[in-house]
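>>> this one's structure only:
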């Protein structure tokens, strides 16, 4: 129950900061101006904006759902790591769920930093979607970057590294195992899971283009 309340707190904070700092319409219109004269009827553009506004009302609920699903998947990966290391005895999945939720705090901070940077800069909607603080994608030109490389380059960032460190620490504390063993379990289980996820995202991105 405590972890679910923390997740709701994460979602509410992100929703509130995003609501007060991000002007979605301005980002989209700036995107249109950057791309030049687009052959888009005005009524189609206005309908698209109305759709975005409508679905944004449910963004808080979507955020909570995404946090829960991600924490569950990370917990499952950690459990698989404990299983193969023979440390899974008397270790309920709920404890590993807590580990994932606690570690997620650093990624929430990353999202808040992204929102604040975007709100204070001259960003288009495309740049808003591609920007991620302290990530490898910052070294590339967004306009020329192939779409298939966007997510992998976003994922290579300082906050993701800190997230892994927090997973290692909280797993060590929850399961009461040595730090080195915890490090191996996180790197092999979560690391392998992330590698497969990135390959899957790149595959779908390539096939949708």
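Okay, I see it. This is a predicted model, so every value here is computed, not measured.
>>> Residue 3: neighbour count?
Neighbour count of residue 3, defined by other C-beta atoms under 10 Å: 20. (Each C-beta comes from the backbone N, C-alpha and C, glycine too.)
>>> so it sits right up against residue 71, yeah?
Yes. The pair residue 3 / residue 71 is scored as a contact, 7.2 Å apart, by C-beta atoms under 8 Å.
>>> what touches both of those two?
97, 101 (C-beta atoms under 8 Å, 6 or more residues apart in numbering).
>>> What strand or helix carries residue 86?
Here residue 86, judged by DSSP states H and E, is contained in no helix and no strand.
>>> Please report how far residue 120 lies from residue 27.
13 Å (C-beta to C-beta, to the nearest Å).
>>> er, residue 142 I mean
For residue 142, the distance to residue 27 - C-beta to C-beta - is 13 Å.
>>> Check residue 20 too.
For residue 20, the distance to residue 27 - C-beta to C-beta - is 15 Å.
>>> Comparing these two, which residue is more hemmed in?
Taking neighbours as other C-beta under 10 Å, residue 20 and residue 27 compare with residue 27 leading, 18 against 10.
>>> I'd say the more buried one and residue 129 touch.
No. With contacts counted by C-beta under 8 Å, residue 27 stays clear of residue 129, the gap being 9.1 Å.
>>> if I've got this straight, residue 142 is in a strand?
No. According to DSSP: H, G, I helix; E, B strand; the rest coil, residue 142 belongs to no strand; its state is coil.
>>> Use 26 as the first number for this chain going forward.
Understood, numbering begins at 26; the last thing we discussed is residue 167.
>>> That one reaches residue 153, doesn't it?
No. Look at residue 167 against residue 153 with C-beta under 8 Å: they stay out of range, at 10.0 Å.
>>> Compare neighbour counts for those two and give me the winner.
residue 153 (21 against 16).
>>> Retrieve the pLDDT associated with the more buried one.
pLDDT recorded at residue 153 is 84.
>>> From residue 120, how far off is it?
Taking C-beta to C-beta, one finds residue 153 at 37 Å from residue 120.
>>> Compute the first-to-last residue distance for stretch 174-187.
The first and last residues of stretch 174-187 sit 22 Å apart, counting by C-alpha to C-alpha, to the nearest Å.
>>> err, stretch 197-211, not the other one
The straight-line separation of the ends of stretch 197-211 (C-alpha to C-alpha) is 10 Å.
>>> can you list contacts of it?
Here stretch 197-211 has contacts from 103, 106-107, 110, 112, 116, 120-121, 123-124, 189, 192-194, 196, using C-beta under 8 Å, 6+ apart.
>>> Many thanks, we can stop here.
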